[in-house]
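>>> My questions concern the predicted model and sequence given below.
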Amino acid sequence: MTAPTVLLTGASGVVGSALLRELADTEVISLTHHKPITGQQLRGDVTRPWLGLHPADYRSLAARVDVVVHCAASVNFTASRTHLHNVNVRGTGHVLRFAEDATAGLVHGSTAFIARAGRGSLLDAYAESKATGETLVRTSGLPYAIARLSTVIGDSASGRTARLQAFHHVVGSALTGQLPFLPCAPGTRIDFVPQDTAAAALAALVRSERLQGEHWITAGDAALPMARLLDLCGEAAIARDSGTRIGDLGVRLFGTRLLEPDVFERIMTSVLDRAQPGAAPSVGRLAADVMTAFTDTEPFPTSIGTLPQGPAPITPDSLENALRHTLCYLLTLPQETWDLT
């Protein structure tokens, strides 16, 4: 099979930048909006007709491309529904039109959290916009593969990431002692994948001979218990300060404590919100909103380990090791990174 020529949107983002490295042996043309990247690129905008390109450039590009990988999206959970629709729905429509004009297949980056929309979480509007985008893809008549991505953390070896997202801010707040309590039902597991694992899965879809169906780029049953994730946060933070690893007692004394959601709500209402009238939203409120998407939920399905030429199955041990690297990276960032103001 001849290596395809790929058009990649969202190349400067967390997943896109990792995918660009994963496809180093493939001809990739990146459609960039604000941030320049290395390699072949065109300045464009998925929210505009013709992808924001001059018609001649658009036609020339369409004549070259075999597969489009659409990673450009708004992942700002506090953005207006109008903005989310403009980027995640209208933008997807323009990408589909290009794929049709190019007679190209589409690998569409979506989110696993469409399965948890409507729970009153901070992610609802974002997940709903991505679900609408998926509907456009499925009804387009084009060859496609939908990649439903979980929360994406840093590189499994270096921990580095191109951009911080909501999950990083919750974890960063725990690492820096700004999150004394976190609402969490017993048994809650947090699904996330390293960015290089996500990129390897998308690259496998790009190289597949047939694009078809939905694929879950998730940890699935390997997702870590929230209690274990916070233990690792505590270990990383105290080890950074002392230069040594600590035992369970130290983590439990100094780390974030998990509370039943109703207990957390009573504390926030009666103590913390009153003590910080100017903090809107507070760190605790932001964390609580994010946690709504994880509490009392079934594990996501996963396609990791089943994709031909794709990444190996994720295990709890491999996930813990990857998270440790991300935590170490986050601890190198300036303290003001975690300020909400």
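Perfect, thanks for sending it.

>>> For the helix or strand encompassing E320, list every residue counted as buried.
Following DSSP states H and E, one finds E320 within helix 316-330. Residues of helix 316-330 classed as buried: S318, L319, A322, L323, R324, H325, T326, L327, Y329, L330 (neighbour count, 16 or more other CB atoms under 10 Å). For every residue, glycine as well, the C-beta is placed using N, CA and C.

>>> Packing partners of that helix?
Judged by 3 or more CB pairs under 8 Å, 6 or more residues apart in numbering; DSSP states H and E, helix 316-330 is in contact with strand 151-153, helix 166-175, strand 192-194, strand 224-225, helix 226-242.

>>> so the second one versus helix 316-330, what angle?
An angle of 70 degrees separates the directions of helix 166-175 and helix 316-330 when computed by axes from the mean of the first three to the mean of the last three CA atoms, to 10 degrees.

>>> what does helix 166-175 rub up against?
77, 122-123, 151, 153, 161, 164, 179, 182, 192, 229-230, 233-234, 236-237, 255-256, 283, 286-287, 290-291, 326-327, 330-331, 333, 337-338 (CB atoms under 8 Å, 6 or more residues apart in numbering).

>>> at 6 Å instead, please
If you take CB atoms under 6 Å, 6 or more residues apart in numbering as the criterion, helix 166-175 is touched by F77, T151, L179, C233, A237, T256, V283, A287, V290, L330, W338.

>>> Quick check: beta-bridge partners of the second one?
As for beta bridges, T151 partners with F192 under DSSP bridges.

>>> residue ranges of the strands in the stretch 51-200 of the chain, please?
67-70, 105-111, 144-149, 151-153, 181-183, 189-190, 192-194 (DSSP state E, counting those that start in this stretch).

>>> wait, which of the ones you listed is closest to R138?
strand 144-149 (7.4 Å; CB to CB).

>>> Which strands border that closest one, and is each parallel or antiparallel?
strand 105-111 (parallel), strand 214-217 (parallel).

>>> Point out the most buried one among those strands.
Compared across the strands paired with strand 144-149, strand 105-111 shows the largest average neighbour count, a mean of 25 (mean count of other CB atoms under 10 Å).

>>> okay, the strand or helix carrying R285 in PDB with CA atoms only?
Taking DSSP H and E as the definition, R285 sits inside helix 283-291. The C-alpha trace of helix 283-291 is given here as PDB (Å, rounded to 0.1, in the frame of the first residue of the first chain):
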ATOM      1  CA  VAL A 283     -10.600  25.700  42.300                       C
ATOM      2  CA  GLY A 284     -12.900  23.400  44.100                       C
ATOM      3  CA  ARG A 285     -15.900  24.300  42.000                       C
ATOM      4  CA  LEU A 286     -13.900  23.800  38.800                       C
ATOM      5  CA  ALA A 287     -12.700  20.400  40.000                       C
ATOM      6  CA  ALA A 288     -16.300  19.400  41.000                       C
ATOM      7  CA  ASP A 289     -17.600  20.300  37.600                       C
ATOM      8  CA  VAL A 290     -14.900  18.200  35.900                       C
ATOM      9  CA  MET A 291     -15.500  15.300  38.200                       C
END
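
>>> got the angle between that helix and helix 166-175?
Using the same axes, to 10 degrees, helix 283-291 lies at 140 degrees relative to helix 166-175.

>>> Which elements pack onto helix 283-291?
helix 166-175, strand 181-183 (3 or more CB pairs under 6 Å, 6 or more residues apart in numbering; DSSP states H and E).

>>> Wait, L106 touches Y144, no?
Yes: using CB atoms under 6 Å, L106 is in contact with Y144, at 4.5 Å.

>>> just for the stretch 201-341 of the chain, where's the confidence low?
Applying pLDDT under 70 to the stretch 201-341 of the chain flags residues 240-254, 271-281, 340-341.

>>> Contacts for stretch 80-93 next, please.
Contacts of stretch 80-93 (CB under 6 Å, 6+ apart): V46, T47, A73, S74, A125, Y126, S129, K130, T132, G133, L136.

>>> what helix or strand does the first one sit in?
Assigned by DSSP H and E, V46 belongs to no helix or strand.

>>> Make TSV out of the strands paired with strand 144-149 and add distance to G305.
Below are the strands paired with strand 144-149 laid out as TSV (distance: least, CB to CB, whole Å):
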stretch	distance to G305
strand 105-111	18
strand 214-217	11
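
>>> picking up where we left off before, determine which two of the contacts of stretch 80-93 are furthest apart.
V46 and A125 (18.7 Å).

>>> quick one, which of these two is more surrounded?
V46 (23 against 20; other CB atoms under 10 Å).

>>> just checking, the more buried one touches A72?
Yes: the pair V46 / A72 is scored as a contact, 5.1 Å apart, by CB under 6 Å.

>>> okay, and the common contacts of the two?
Shared contacts of V46 and A72, counting by CB under 6 Å, 6+ apart, come down to T9.

>>> OK, contacts around the residue sitting furthest away from the middle of the chain?
In the chain, A56 marks the outermost C-alpha relative to the chain mean, sitting 34.1 Å out by CA atoms, centre = their mean. Listed by CB under 6 Å, 6+ apart, A56 has no contact partners.
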